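Asks: Fold the following, please.
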Amino acid sequence: MEKTEQWSSKIGFILAAAGSAIGIGAIWKLPYVTGVSGGGAFFLLFILFSLLIGFPLLLAEFIIGRSTQKEAISAYKLLAPNTNWNLIGKLGVFTCFLLLSFYSVIGGWIVIYLVKGLYGGIISEGAHYGELFNQTIGNPLLTVIAQGAFLGITILVVAKGIQNGIERASKILMPALFVLFLILIIRSLTLDNAIEGVKFFLAPDFSHITSESILFAMGQAFFSLSVGVSVMVTYSSYLSKKESLIQPAISIVSMNLTIALLAGLAIFPAVFSLGLEPAEGPGLLFVVLPSVFDQIFFGEVFLVCFLALFLFATLTSAFSMLEIIVAAVVKGNENKRKKFAVIIGLLIFVVGVPSALSYSVLSDVTIFSKSIFDAADYLVSNILMPLGVLLISIFVSWKIKKNILQTELLSHSRFGTTAFNIWFFIMRYIIPIVIVVVFLNIIGVI
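Replies: All right, here's what the predicted structure looks like:
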């Protein structure tokens with residue numbers, strides 16, 4: 001594939017890749033998954049999986065993409081020609097397709113809330129925010145239209161190419177997201193009984209940990225960092241060979257964990273102060289945020305600002321998911337980009353409609369006792385992503401020549417051979433063993 005553009009700078013790559021990672025994984029999903037999985041012990045597992053598996057795997061995907069300068073499927077073909085290892089790239093493309101189909105549903109919810117907020121239709125005296133959320137997602141026409149609007153924005157940006165606009169916007173909006181989070185945390189921590197929420201979030205209680213919650217924590221680490229689906233293979237293929245791989249990976253993981261911590265500190269003190277259930281589920285953020293901003297002077301204004309930034313963070317993740325699929329199809333022929341961005345986006349919309357209707361006309365339809373939305377989420381986060389991680393770890397540590405790995409990883413870096421050997425050992429032995437053991441435990445073999 002002939003490269004037509006690269007990131008304009010290292011910070012541009014870091015912010016764009018962080019934008020891919022820091023979306024609803026850290027801000028929306030982590031708080032409610034933590035809530036239903038016991039709190040602090042789950043969050044601790046999430047941190048450990050992010051550092052011990054997510055970070056090494058992020059580097060692995062960076063190596064695959066930057067060394068080949070190819071999109072996901074072609075990168076595996078180039079590194080292992082005349083083999084079937086390119087199925088890893090195809091698995092990543094399929095996973096992103098399915099992931100974006102239900103991810104766009106949550107994006108649609110944010111669009112609805114943002115529009116409502118702009119018209120002053122969220123915060124009001126005596127409002128019941130749980131009921132408001134249930135009414136919103138229970139409206140089949142509204143949720144499908146909003147899902148389509150979210151995907152429409154995603155298609156429009158990816159069709160034009162995402163580097164210039166996303167890089168520039170990220171440099172303003174990502175810091176703004178941090179600032180608004182800090183304001184939200186300050187108010188949340190000053191509510192009555194807030195300390196109970198802090199204890200729930202940060203004090204580990206391993207009595208709630210099961211094999212399934214361990215799998216959830218592992219899946220959440222992959223989901224939050226966008227690893228296991230070769231998104232970072234595609235993004236790193238646009239990175240100059242003059243740049244270090246290790247420093248951006250450290251920055252991305254650090255930013256992701258920081259946002260996850262801020263999200264928990266903003267959400268759980270308010271949950272306990274306002275008498276809500278930490279195991280509220282997917283709607284937790286949409287119930288707690290208005291409740292907290294209700295307590296703040298000019299709360300409606302702050303809520304709209306936060307929803308706008310939350311939408312941006314969600315869109316940057318959606319851009320990366322659609323980008324990996326489009327890049328795999330057009331293979332560098334930019335003349336095909338617009339057409340296939342539209343075609344693929346429309347297919348994703350159609351596949352995602354049942355998830356959008358999971359809380360309304362299809363609420364009685366279940367798959368293994370889960371709603372269509374939850375079943376798609378479970379399949380992606382707890383099966384397809386870990387499977388992708390397993391295959392990538394095996395591919396990188398057994399199929400790519402060690403000297404190529406070492407050259408890519410250590411170039412323009414202050415890290416030495418010892419650090420490389422530790423990373424290689426984790427990729428070859430630790431990650432595959434951990435994933436296999438967790439899966440065997442889930443199915444009852446051990």
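Asks: where do the strands sit along the protein?
Replies: Secondary structure of the chain (DSSP state E): strands located at 366-367, 370-371.
Asks: would you turn those into a markdown table with mean pLDDT and mean neighbour count?
Replies: For glycine as for every other residue, the C-beta is placed from the backbone atoms N, C-alpha and C. Output for these, formatted as a markdown table (pLDDT from 0 to 100; neighbours: other Cβ atoms under 10 Å):
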| stretch | mean pLDDT | mean neighbour count |
| --- | --- | --- |
| strand 366-367 | 94 | 13 |
| strand 370-371 | 93 | 17 |
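Asks: L182 is nearest to which of those?
Replies: Of all these, strand 370-371 sits nearest to L182, with 34.6 Å by Cβ to Cβ.
Asks: name the helices or strands packed onto that closest one?
Replies: The contact analysis (3 or more Cβ pairs under 8 Å, 6 or more residues apart in numbering; DSSP states H and E) places strand 370-371 against no helix or strand.
Asks: okay, and for the stretch 51-200 of the chain, where does confidence drop off?
Replies: 125-126, 161-171, 173 (pLDDT under 70).
Asks: ranges for the helices of it?
Replies: 55-68, 72-79, 87-118, 129-137, 140-160, 163-189, 194-202 (DSSP state H, counting those that start in this stretch).
Asks: Pick the most buried one from the ones you listed.
Replies: Counting by mean count of other Cβ atoms under 10 Å, helix 55-68 has the highest mean neighbour count of the helices of the stretch 51-200 of the chain, with a mean of 25.
Asks: That one to helix 87-118, inter-axis angle?
Replies: Orientation check (axes from the mean of the first three to the mean of the last three Cα atoms, to 10 degrees): helix 55-68 against helix 87-118 gives 110 degrees.
Asks: ok, back up a step: dump the strands of the chain into JSON lines; add distance to A260 as well.
Replies: Formatted as JSON lines, those follow (distance: least, Cβ to Cβ, whole Å):
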{"stretch": "strand 366-367", "distance to A260": "28"}
{"stretch": "strand 370-371", "distance to A260": "24"}
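Asks: right, and those strands - which one's nearest K160?
Replies: It is, among these and with distance given as Cβ to Cβ, strand 370-371, at 34.8 Å.
Asks: and L182, what does it touch?
Replies: Neighbouring residues of L182 by Cβ atoms under 8 Å, 6 or more residues apart in numbering: L262.
Asks: mind checking how far it is from G35?
Replies: 22 Å (Cβ to Cβ, to the nearest Å).
Asks: and if you look at S254?
Replies: Counting by Cβ to Cβ - S254 and G35 are separated by 24 Å.
Asks: which of those two has more neighbours?
Replies: It is G35, of S254 and G35, that has more neighbours when counted by other Cβ atoms under 10 Å, with 23 against 13.
Asks: Test for you: state the pLDDT assigned to the more buried one.
Replies: pLDDT, G35: 81.
Asks: show me what contacts the residue nearest to it when sequence neighbours are not counted?
Replies: Excluding the flanking residues, the one nearest G35 by Cβ to Cβ, 6 or more residues apart in numbering is P278, at 3.7 Å. Neighbouring residues of P278 by Cβ under 8 Å, 6+ apart: 34-36, 39, 197, 200, 268, 271-272, 284.
Asks: Stretch 67-77: end-to-end distance?
Replies: Length of stretch 67-77, first residue to last, Cα to Cα, to the nearest Å: 13 Å.
Asks: Please enumerate residues in contact with it?
Replies: Residues contacting stretch 67-77 (Cβ under 8 Å, 6+ apart): 1, 3, 64-65, 78-79, 85-90, 92-93, 230-231, 233-234, 237, 324, 327-328, 331-332, 395, 404, 408.
Asks: OK, contacts around L87?
Replies: L87 neighbours (Cβ under 8 Å, 6+ apart): 76, 391.
Asks: hmm, back to that, reformat the contacts of P278 as JSON lines; add distance to L177.
Replies: Shown next, in JSON lines, are those (distance: Cβ to Cβ, whole Å):
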{"residue": "T34", "distance to L177": "19"}
{"residue": "G35", "distance to L177": "22"}
{"residue": "V36", "distance to L177": "25"}
{"residue": "G39", "distance to L177": "24"}
{"residue": "G197", "distance to L177": "21"}
{"residue": "F200", "distance to L177": "24"}
{"residue": "F268", "distance to L177": "19"}
{"residue": "V271", "distance to L177": "21"}
{"residue": "F272", "distance to L177": "24"}
{"residue": "L284", "distance to L177": "19"}
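Asks: List the ones among the residues you listed that fall in helices.
Replies: Residues of those located in helices (DSSP state H): 34-36, 197, 200, 268, 271-272, 284.
Asks: separation between the residue nearest to G35 and S413?
Replies: Taken as Cβ to Cβ, the span from P278 to S413 is 41 Å.
Asks: Okay, helices next: where are they in the stretch 301-446 of the chain?
Replies: 337-356, 372-379, 385-398, 402-410, 417-425, 431-442.
Asks: Identify the residues contacting F272.
Replies: 193-194, 196-197, 200, 278.
Asks: which of those lies closest to A318?
Replies: P278 (27.5 Å).
Asks: F306 contacts L180, correct?
Replies: Yes - F306 is within contact range of L180, at 5.0 Å (criterion: Cβ atoms under 8 Å).
Asks: and L346, how many neighbours does it have?
Replies: Neighbours around L346, by other Cβ under 10 Å: 14.
Asks: List the contacts of it.
Replies: L346 touches nothing, counting by Cβ under 8 Å, 6+ apart.
Asks: Please repeat the previous calculation with a cut-off of 10 Å.
Replies: Contact analysis of L346 by Cβ atoms under 10 Å, 6 or more residues apart in numbering lists 148, 151-152, 155.
Asks: hmm, back to that, any chance you could list residues touching both of F306 and L180?
Replies: A266.
Asks: before we move on, back to that, list just the nearest of the contacts of L346 to T210.
Replies: Closest to T210, out of all of those and judged by Cβ to Cβ, is L151, at 35.4 Å.
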